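>>> any chance you could fold what I've pasted below:
(chains A and B)
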Amino acid sequence: MIQLSPSERIKKESSGLRGTLAEGLADALTGSLSEDDQILLKHHGMYQQDDRDRREERAVKKLERLYSFMIRLRIPGGYMSPGQWIATHHCAGKHATGIIKITTRQTIQLHGLLKSDIKPTIRSFDAVKLDSIAACGDVNRNVVCSAHPSVSPLHESVFAYASKISEMALPRSRAYYEIWLDQEKIASTDETDPLYGDTYLPRKFKIAIAIPPDNDVDVLSNDIGLIAVIEAGELAGFNIAVGGGLSTTHGNAATYARLGSVIGFVSGEERVLKTVYEILTIQRDYGNRSDRKQARLKYTIDKMGLEAFRIELFKRSGFMLEEARPWSFRQRADHYGWEQNQSGRWFYTAFVENGRICDDDNQQLKSGLYAIAETGLAAFRFTCNQNVIIADVKAGHRAIIEELLERYGIAQYTRRISPVRGNAMACVALPTCPLALAEAQRYMPAFISRVEEVLANHGLQDEAIVIRMTGCPNGCARPYLAEIGLIGSGEGRYNLHLGGDRLGLRLNRKFRENLDESEILSLLDTLFARYTRENTAETFGDYCDRSFNTLP
Amino acid sequence: MPENDLWEVEKVLIFAKIPRSRTFRFREITREAEELFTKSVNIMHLPLRIVQAYARVTGQRIPDTRMNLADLLRIYPLPADTAFEDVLAILEPISPRLYSVSSAPAAHPGEIHLTVAHHRFQVSGEHKFGLCAHYLAQLRKGQRVNFYVHRNQRFRLPEAGRDVIMIGPGTGIAPFRAFLAERNALGATGRNWLFFGEQHFVSDFLYQTEIQDFVQTGALHKVSLAWSRDTDQRVYVQHRIRENGVALWEWLQSGASVYVCGSKYPMSIDVEQSLLDVIVTHGAKTETEAREWLDELELTDRYVKDVY
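The predicted structure follows:
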């Protein structure tokens, strides 16, 4: 008998994700929760972390680690009303670090909550109909959807699928309401979960919906990617891609990044939802539950074979997928500035460096967004590139919003940033992420400034090269889909990956290991020089991919 | 025994125009000026009576205020016809500071641990530290310290089988950390209950990891914590005492000893009142009876205070 991973026992014995969370919350001796409860906590949208910068100092003081919690919301399609934004703003100031972080999966998270802050935080979110259920953990995570409405008259109807899929794949347990919101245990409620059972999924699960020609969601990096097919102005259905996933583990050759494989086309809401549901059940039943590093759908599929997977899906859904329809992407980057949708509403995309919403030397973004929310004249949509869209502005109100964007320096900053900075992403990493081996978001702004100088030396300052950095190989900022990917390998050191394309359709390859900043910059300098000399029409990523084996 | 800050001593020597090696006699001590002002004479935050005496000796008008000797010498310089010996005669020695020892012979043999608050406070707009706390904080490894042990015969652990209730907010935790370590090392069978409080859970939980270990290993049976600045309500140990009235009365009934350590005002007063409240409420006594009951406890060394 194969040994199950410890997480499997914890989930199974948790009586519906409850574990001893309530008792742990009441333990005044520590700011931490038990190890088992920390696993369960993820399914409630939170991670326990600690300030790694302060471990030593606190140990000397006989203080435990500075434990805090990160809470991530479930916001299908990344949409928030102005009232929800105001609540989030206040919550961040009162209970967390004050910084609101837009994630790479179109939601927001707050850091630095103490254990005693969790319940008040969840209560204030609940008051505006926001929750963090299943935002982390071995379940379907936040469902993301292309954010830019101008590209399709059908954005609203496609966007609605994000919510429908999210609802369909929510755990049935009422533990969240009991533990965090003090709601009564309803004895009569049947919590039997037909989708998740009592062991949920073997691993996290990600679903994205892309609306071509935009691939802002990096659709092929998801366990399930739905690519909207629009024919004659109507939503014909979706091409279905399965088995995408980026995370790898240093030194574990059995782990790899994989792009989703398009297995066909499906139309009609019922069939679309059924397809997604049965892919989830296949992963539930066939996914590896003994080795968490082999547990994502990508490994399940590669072990079964794509054809066997397709057949299994047919057995479960009762219908065949049609042949995939033609599809293509033209853009992955966000459309900064103003754009208008088909019904005349205006949308402004503002640049948010690494998704961190705060007031700093560059712009008073947090104050500005708050002021905009207070007008009640705009909603908010987050993008998978970690930016924010001021959404749904009526033509008559655009001037008001524009004035605020200028007053708080937001419009000026978004206009001023270089293409390379506008395309860059970094994950959270140090000091809070327990997985981080190297810096990412704290270091990225300065690193990009140095890259800007090197680019300028070669006259490449207008190139929108996609650079992404993560503190570890788990890939939160999707560095494997960047033209230049930097993946933390140790303190101040990164593996350099090259050769991804600009649209997110080709993985890059590891070019060098364990480089420090000066090695990276001097190598980029050499590569930019060659790229310029070749005078090719290709993007930098395409150039690197084509000439990968002859690069210096 | 604290020593004065060297820069402060330097200023005294400069403003009094005394060569550092000149020898003085102060009380029973004869020493060179620098050493004398470092180790023997209090030159910090002089009390009013000394400032006034200085005014008399030097024939100057000085407002009623406390100040350091160096400032006094700088602002109201020594007249040419006044001998420095006359000033020295009115000064007082550095007084020893008493701290509860927070280590236990059985757990920390050959060591003495202290729990010292290094508070920064403001005196007329200037940041100051307590003399001894700052002196201790500045010590480097290997430096020698003058000290003596002042024995407290009453503040002692009861026999091993007896329950102990320890109430020690702030640095008042010092003797209880020693108690717990001692009882843990000796395997005492009585139960232990610690009340501790400070401002913030995150930064001020003294000996947190040790306390967690004691709880984990069963050496500490109950911990009640009060953080006064973490919520909108100011919560102190006396609130925890009242909240835990039922259990506390049960412990007292079964012979537990109560120890209180920390600041006299207002902590020990508030704590005593809360103990009386518990005795009234849960012991079904009048206020007078409760007072008598507590007095009896004190007389039999089952209610012991070390407050300052």
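
>>> can you count the residues close to residue B:121?
9 (other Cβ atoms under 10 Å in any protein chain shown). Glycine gets a C-beta too; all of them are placed from N, C-alpha and C.

>>> so it: helix, strand or coil?
Judged by DSSP: H, G, I helix; E, B strand; the rest coil, the three-state class of residue B:121 is strand.

>>> one more: residue B:277?
helix.

>>> give me the nearest residue to it, chain neighbours excluded.
residue B:242 (5.9 Å; Cβ to Cβ, 6 or more residues apart in numbering or on different chains).

>>> tell me the buried residues in the strand or helix carrying the one you found?
Using DSSP states H and E, residue B:242 maps to helix B:237-243. Going by neighbour count (16 or more other Cβ atoms under 10 Å in any protein chain shown), the buried part of helix B:237-243 is B:237, B:238, B:239, B:240, B:241.

>>> please name the residues that touch the closest residue to residue A:127 other than its chain neighbours.
Distances taken as Cβ to Cβ, 6+ apart place residue A:87 nearest to residue A:127, at 6.7 Å, with adjacent residues excluded. Residue A:87 is in contact with A:124, A:125, A:127, A:128, A:130, counting by Cβ atoms under 8 Å, 6 or more residues apart in numbering or on different chains.

>>> which one is the spatially most central residue of chain B nearest to, not counting chain neighbours?
Using Cα atoms, centre = their mean, the residue of chain B that lies closest to the mean C-alpha position is residue B:99, 5.3 Å off. Closest residue to residue B:99 apart from its sequence neighbours, by Cβ to Cβ, 6+ apart: residue B:114 at 4.7 Å.

>>> gap between that neighbour and residue B:288?
40 Å (Cβ to Cβ, to the nearest Å).

>>> next: residue A:288.
Going from residue A:288 to residue B:288 by Cβ to Cβ gives 74 Å.

>>> neighbour count for the two, which is higher?
A direct count of neighbours by other Cβ under 10 Å for residue A:288 and residue B:288 places residue A:288 higher, at 18 against 9.

>>> tell me if the more buried one really is in a strand.
No: counting by three-state DSSP, residue A:288 falls outside a strand, being coil.

>>> isn't it right next to residue A:298, touching?
No: applying Cβ atoms under 8 Å as the test, residue A:288 and residue A:298 come out as separate, 10.9 Å apart.

>>> tally of neighbours for the closest residue to residue A:266 other than its chain neighbours?
In this structure, residue A:266 finds its nearest non-sequential neighbour in residue A:275, 5.0 Å apart by Cβ to Cβ, 6+ apart. Per other Cβ under 10 Å, the neighbour tally for residue A:275 reads 24.

>>> which secondary structure element is home to residue A:275?
helix A:269-286.

>>> mind checking what helix or strand follows that helix in sequence?
That would be, after helix A:269-286 and using DSSP H and E, helix A:297-304.

>>> what's the angle from that following helix to helix A:269-286?
70 degrees (axes from the mean of the first three to the mean of the last three Cα atoms, to 10 degrees).

>>> I would like the residues contacting the helix or strand of chain B with the lowest mean pLDDT, please.
None of the helices or strands of chain B scores lower by mean pLDDT, DSSP states H and E than strand B:120-123, at a mean of 75. Residues from elsewhere that reach strand B:120-123 (Cβ under 8 Å, 6+ apart): B:45, B:66, B:127, B:128, B:129, B:130.

>>> contacts only, for the most centrally placed residue in chain A.
Most central in chain A under Cα atoms, centre = their mean is residue A:105, positioned 2.3 Å from the mean C-alpha point. By Cβ under 8 Å, 6+ apart, residue A:105 lies in contact with A:141, A:142, A:144, A:206, A:384.

>>> I figured residue A:464 was touching residue A:502, is that so?
Yes: between residue A:464 and residue A:502 there is a contact at 7.4 Å, judged by Cβ under 8 Å.

>>> of the two, who's got more company?
Taking neighbours as other Cβ under 10 Å, residue A:464 and residue A:502 compare with residue A:502 leading, 24 against 16.

>>> list the buried residues of the least confident helix or strand of chain B.
So for strand B:120-123, nothing qualifies as buried (16+ other Cβ under 10 Å).

>>> just the pLDDT for residue 2.
No chain in the question, so chain A it is. If you check residue A:2, the pLDDT there is 78.

>>> looking at chain B here, not the other one
At residue B:2, pLDDT is 94.

>>> look up the closest residue to residue B:55, ignoring the ones flanking it.
residue B:62 (4.2 Å).

>>> can you tell me how far the one you found is from chain A?
To chain A, residue B:62 is 43 Å away according to Cβ to the nearest Cβ, to the nearest Å.

>>> same deal with residue B:272?
24 Å.

>>> give me the phi and psi angles of that residue.
phi -60, psi -40 (degrees, to the nearest 10).
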